[in-house]
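Participant: no sequence for this one, just the structure:
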């Protein structure tokens, strides 16, 4: 519960893409070490996505900037799926909210893989991937070699997503 209070205390932020070089970006290893479930209770080993370019977006139902970027994430998924890009949404929600996450994903037409990260473990994963503030939305772009290439705290628009993804394809 303490983690949930901390997360709710941090507003959804809209900051620019982090201006750091690749050597300073965190490793994607913590992501690949996890197995998460979707709203249908199917488990997904994130290590199975090694070797593919990834756009990983952390979100929550109550986060308005998260809601705003979902259509762009769906568009990017549709546009680049044939080029091996995998778009993954990780809900910062507890598994007890599985039905609410499923209903939300349907209502927002989330056509990409949506997993439930849990509140505590989701926050820990975001921090491990470079989000020290634990704000939402948070997006990480990972190349085929499993290196974090870009991250952004705050909503990304389609143009920013395209700019981050194109070099990986």
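Facilitator: Cool, got the structure. What you see is a predicted model; the values in this text were computed from it and never measured.

Participant: from residue 91, how far out is residue 71?
Facilitator: 17 Å (C-beta to C-beta, to the nearest Å). From N, CA and C alone the C-beta is placed, and that goes for glycine too.

Participant: typo on my end, residue 55
Facilitator: 15 Å.

Participant: the two: which is more packed in?
Facilitator: residue 91 (29 against 24; other C-beta atoms under 10 Å).

Participant: and the more buried one, what does it touch?
Facilitator: 59-61, 97, 101, 114-117, 122 (C-beta atoms under 8 Å, 6 or more residues apart in numbering).

Participant: change it to 6 Å
Facilitator: Shown in contact with residue 91 (C-beta atoms under 6 Å, 6 or more residues apart in numbering): 101, 116.

Participant: same thing with residue 115?
Facilitator: Counting by C-beta under 6 Å, 6+ apart, residue 115 has contacts 36, 38, 90.

Participant: mind doing that once more with 7 Å?
Facilitator: 36-38, 44, 88, 90-91 (C-beta atoms under 7 Å, 6 or more residues apart in numbering).

Participant: which among those residues end up buried?
Facilitator: Neighbour counting over those (16 or more other C-beta atoms under 10 Å) leaves 36, 38, 88, 90-91 as the buried ones.

Participant: nearest to residue 129, of these?
Facilitator: residue 90 (10.1 Å; C-beta to C-beta).

Participant: my read is that closest one is in a strand, agree?
Facilitator: Yes: counting by DSSP: H, G, I helix; E, B strand; the rest coil, residue 90 falls inside a strand.

Participant: ok, it touching residue 118?
Facilitator: No: under the criterion of C-beta atoms under 7 Å, residue 90 is not in contact with residue 118, lying 9.3 Å apart.

Participant: so how far is residue 114 from the residue nearest in space to the middle of the chain?
Facilitator: For the chain, the residue nearest the mean C-alpha position is residue 57 (1.7 Å; C-alpha atoms, centre = their mean). Residue 57 sits 9 Å away from residue 114, going by C-beta to C-beta.

Participant: overlap of the contact sets of these two?
Facilitator: residue 89.
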